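Trainee: Compute the structure for the input listed below.
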Amino acid sequence: MTQLTFVGGGKMGEALIAGALRGDFAAGQINVIEPDAQRAKTLTEIYGVKVSSDAETVAGADVVVLAVKPQVILQVCGDLKELIAPQALVVSIAAGITTASLEGALATGTSVVRVMPNTPAFVGEGMSVLSAGAHASQADLDAVRAIFEPVSRVLVVDESDQNAVTAISGSGPAYFFYLVEAMEAAGVELGLSAAIARELAVQTAVGASAMLSQTGEDPAVLRGNVTSPGGTTAAAISMLDQAQVRQAIGVAIKAAYQRSIELA
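Mentor: This next block holds a predicted model:
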């Protein structure tokens with residue numbers, strides 16, 4: 001029976017714990033290392049998993065998920081290096097941190113898989129992208145897929161693509177939230193109540209994303225279907241083009257890509 005240990009019980013760790021329990025794992029197979037006592041209490045009460053601040057908990061794990069911030073992950077690897085079992089699989093969700101860096105901080109030969117998830121995993125609609133380290137096998141990738149599939153779609157890419165993945169899907173939800181914020185604010189300026197403006201903007205985003213996902217149509221085609229010549233949508237798109245919004249989005253994504261490289 002596979003034993004799964006999460007190092008870090010923050011929001012993404014919690015989403016993965018909930019997903020694992022919906023998938024192939026029972027509460028008795030999951031341990032969490034979380035130093036914050038209130039957070040530990042919350043996780044135990046909601047999910048029935050064992051949570052403690054004892055780092056030695058990791059010693060019994062078959063799979064160790066490092067759900068900590070990029071700035072501290074290599075230190076955490078060093079702290080746990082002697083405790084992680086030689087045959088254990090280590091999974092990292094830290095943006096920008098390469099499998100080579102993780103392998104260098106862990107015992108020689110440790111199997112590592114790097115994953116870039118995103119926050120829609122909280123509602124079971126995430127995107128998770130996997131890359132194998134030097135010692136990780138197909139069986140290791142399959143094991144990681146089983147952890148992430150209950151909360152997201154899963155792709156496997158070469159690690160050289162992970163910085164681009166981070167810029168598109170890792171940071172991507174924030175871009176859509178930003179657009180919805182702007183739509184809400186514009187609705188209020190036009191005289192709508194904040195509640196109505198939000199409902200209009202949010203449901204429009206939900207519906208548009210469902211059309212993209214379910215129809216398989218190119219987004220340019222779907223946009224064209226909405227945009228009648230000389231109509232209201234055409235007027236809006238014309239202003240977006242004049243403001244060079246498309247170019248600004250490209251610049252923003254490249255900035256996220258560059259920051260991912262810097263974090264490494």
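Trainee: which residue of the protein sits farthest from its center?
Mentor: residue 230 (40.1 Å; C-alpha atoms, centre = their mean).
Trainee: So which residues of the stretch 51-200 of the chain form strands?
Mentor: Assigned by DSSP state E, counting those that start in this stretch, the strands in the stretch 51-200 of the chain fall at 63-66, 89-92, 111-116, 126-132, 152-156.
Trainee: coming back round to it: which SS class is the residue farthest from the centre of the chain?
Mentor: coil (DSSP: H, G, I helix; E, B strand; the rest coil).
Trainee: and the gap between it and residue 242?
Mentor: Residue 230 sits 16 Å away from residue 242, taking C-beta to C-beta, to the nearest Å as the criterion. C-betas here are computed from N, CA, C, even on glycine.
Trainee: what number of residues lie near residue 35?
Mentor: By other C-beta atoms under 10 Å, the residues close to residue 35 number 12.
Trainee: Could you report the distance from the nearest residue to it once chain neighbours are set aside to residue 36?
Mentor: Leaving aside its chain neighbours, residue 35 sits nearest to residue 53 (4.5 Å; criterion: C-beta to C-beta, 6 or more residues apart in numbering). Distance of residue 53 to residue 36, computed by C-beta to C-beta: 8 Å.
Trainee: follow-up on the earlier one: state the distance from the residue farthest from the centre of the chain to residue 221.
Mentor: 20 Å.
Trainee: residues near residue 238, how many?
Mentor: Using other C-beta under 10 Å: residue 238 sits among 11 other residues.
Trainee: Touching, the residue nearest to residue 35 and residue 41? I think so.
Mentor: No - taking C-beta atoms under 8 Å as the definition, residue 53 is not a contact partner of residue 41, at 11.8 Å.
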